[in-house]
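Peer 1: coordinates only, sequence not included:
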C-alpha cells in the first residue's frame, strides 16, 4: 500500500509534504528536538527552522531571546506560496519585533542563498560586521516588512545590503528603518534594485540613503522619510524604467536630495515630495544620463537646498508647477515636524510620510535618534500617511 501511495505522489508531481506547515521558534524555552509545530513544542534555533522548511511554510519566531546566529534563507517559495518568517512578542501575529544580533563577530544577520519568494516580518537586524543582509547568489521577490536594519555595535564598514556579484536582488521594503550604516543605507557593489520602497525611514547612514542601480524596472518609492545621510538622499543610476518617486520627505542629506547620475532611464515621475535642507541640489539630473528618458517633475516642495532646487541640464522632459517655500515654513524642522506654519503661503500642500508601524500604538510621537516624529494621529495604523494642506493643487 505504501508503494502504491508513493507511486501516486510521484505520478502527479507531488511530494510527501504537499501542504504548507506552520512552525514555531522560541529561543528561550524551545528545543531543536521538538516537532516545532506548536508554541509548546517550538524549536530553539533559526538554523533548525531554516533547514526544515519548504515553500509555503510560515515560521513564527518568538521574541523571548536575542538570536545570536545567522538566519539563512535556504528554501525557495512561489508567488502563491512564499516562505514566511514572522516575529512576534506574545501571540503569533502581534507584530512584535525579534532581534537577530551579529555581535560584532558575524558578517551578516541574514544570508540569502539563491532562493526566491521569502518574507521577513518584524525583525531587528543589528551588529553585523559587513552587512545586515547578504545575498550570496541571485535572489528575487524578497519582502521586508516592519523590520529595522541597524548598524548596532559593529565596528567594520557595513552597509545594510551587499552583493557578492551582480545578482538580481529586488527586495520589497515596507515599513522598515535602515539606519546608521557606514556607507549607503541600501546598496553597495551591484547596488540594490528594489521592487518597492514604501513607508520606511532611511536615516543617518554615512553614504547615500537609498542607492539604486542595476538595469531593471523599479517599482514605486513612496511615503518614505530619507534624512540625515552623508551622501545623497536617493541616488539612481542605470535603470530601464522607473515607476515613480512620490510623497517622500527628503531632508538634511549632505549631498543632493534626489540624484540621477547615469544610465538609460525610461519613464520617471517625481511628484509631491518635500525636498528640504539638502547639501546639494533638491533634484540633480546630470548629463551622464543617456538613451530614452522621460522625466516629469510635478508638485514638489523645495526649501533651503544649498545648490538650488532643480539642476536640469536639459534632461528633464516636463516641469510642472512646483513650490519653493521661503523663510521658516515648518512648525519645527528640528523635531521633524514639517507641518506648515502661517508663513508657508497659500497654495502649498505638503505630504509627509509616516512609516506604517514605526510608531507605537496609542501615541502621537516616537523618538528616533533623539527627534520626535509626529504621526498626526492618536494611533498608528497600516499605511498611515499624514497630509498637511494649506490650499493645495
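Peer 2: Done, it's in. Nothing here was measured: the structure is a model prediction, and the numbers come from that model.
Peer 1: neighbours around residue 93, how many?
Peer 2: By the criterion of other Cβ atoms under 10 Å, residue 93 has 10 neighbours. To be clear about C-beta, it is placed using only N, CA and C from the backbone, and glycine gets the same treatment.
Peer 1: secondary structure element for it?
Peer 2: When elements are assigned from DSSP states H and E, residue 93 belongs to no helix and no strand.
Peer 1: residue contacts, it?
Peer 2: Residues counted as contacts of residue 93 (Cβ atoms under 8 Å, 6 or more residues apart in numbering) are residue 86.
Peer 1: how close does it get to residue 87?
Peer 2: According to Cβ to Cβ, to the nearest Å, residue 93 and residue 87 sit 10 Å apart.
Peer 1: just residue 197 next, same as before
Peer 2: 21 Å.
Peer 1: Determine which member of those two has the greater number of neighbouring residues.
Peer 2: Between residue 197 and residue 87, counting by other Cβ under 10 Å, residue 197 is the more crowded of the two (29 against 26).
Peer 1: about what we covered before: find residues that contact each of residue 93 and residue 87.
Peer 2: Common contacts of residue 93 and residue 87 (Cβ under 8 Å, 6+ apart): none found.
Peer 1: where does the stretch 201-350 of the chain have low pLDDT?
Peer 2: Along the stretch 201-350 of the chain, the parts satisfying pLDDT under 70 run over 213-218, 238-243, 262-266, 287-293, 314-317, 340-350.
Peer 1: Give me the mean pLDDT for stretch 60-76.
Peer 2: The average pLDDT for stretch 60-76 rounds to 96.
Peer 1: Buried residues in that stretch, which are they?
Peer 2: Going by neighbour count (16 or more other Cβ atoms under 10 Å), the buried part of stretch 60-76 is 60-65, 67-76.
Peer 1: so the nearest residue to residue 244 once chain neighbours are set aside, which of the three states?
Peer 2: Once flanking residues are discounted, residue 244 sits nearest to residue 269: 3.9 Å by Cβ to Cβ, 6 or more residues apart in numbering. State at residue 269, reduced to three classes by DSSP: H, G, I helix; E, B strand; the rest coil: strand.
Peer 1: Against residue 219, how distant is residue 269?
Peer 2: 12 Å.
Peer 1: Can you list the residue ranges for helices in the stretch 51-200 of the chain?
Peer 2: Applying DSSP state H, counting those that start in this stretch to the stretch 51-200 of the chain gives no helices.
Peer 1: Phi and psi next, for residue 335.
Peer 2: Phi and psi for residue 335, reported as degrees, to the nearest 10, are phi -100, psi 10.
Peer 1: any idea how far residue 79 is from it?
Peer 2: In terms of Cβ to Cβ, residue 335 sits 42 Å off from residue 79.
Peer 1: Settle it for me: which of the two has more neighbours?
Peer 2: A count of neighbours by other Cβ under 10 Å puts residue 335 above the other of residue 335 and residue 79, at 15 against 8.
Peer 1: any idea how far the more buried one lies from residue 101?
Peer 2: Distance of residue 335 to residue 101, given as Cβ to Cβ: 31 Å.
Peer 1: ditto for residue 234
Peer 2: 29 Å.
Peer 1: neighbour-wise, which of those two wins?
Peer 2: The neighbour comparison of residue 234 against residue 101 (other Cβ under 10 Å) goes to residue 234, with 31 against 19.
Peer 1: which residues sit in contact with residue 280?
Peer 2: 232, 254-257, 259, 305-307.
Peer 1: quick one, phi psi at residue 77?
Peer 2: phi -90, psi -160.
Peer 1: and it, how many neighbours does it have?
Peer 2: By the criterion of other Cβ under 10 Å, residue 77 has 22 neighbours.
Peer 1: same thing with residue 208?
Peer 2: Close neighbours of residue 208, defined as other Cβ under 10 Å, add up to 30.
Peer 1: Let me see the contact set for residue 305.
Peer 2: By Cβ under 8 Å, 6+ apart, the contact set of residue 305 is 257, 275-278, 280-282.
Peer 1: Now with 7 Å, please.
Peer 2: Taking Cβ atoms under 7 Å, 6 or more residues apart in numbering, we find residue 305 in contact with 257, 275, 277-278, 281-282.
Peer 1: and it, that's in a strand?
Peer 2: No: per three-state DSSP, residue 305 lies outside any strand segment and is coil.
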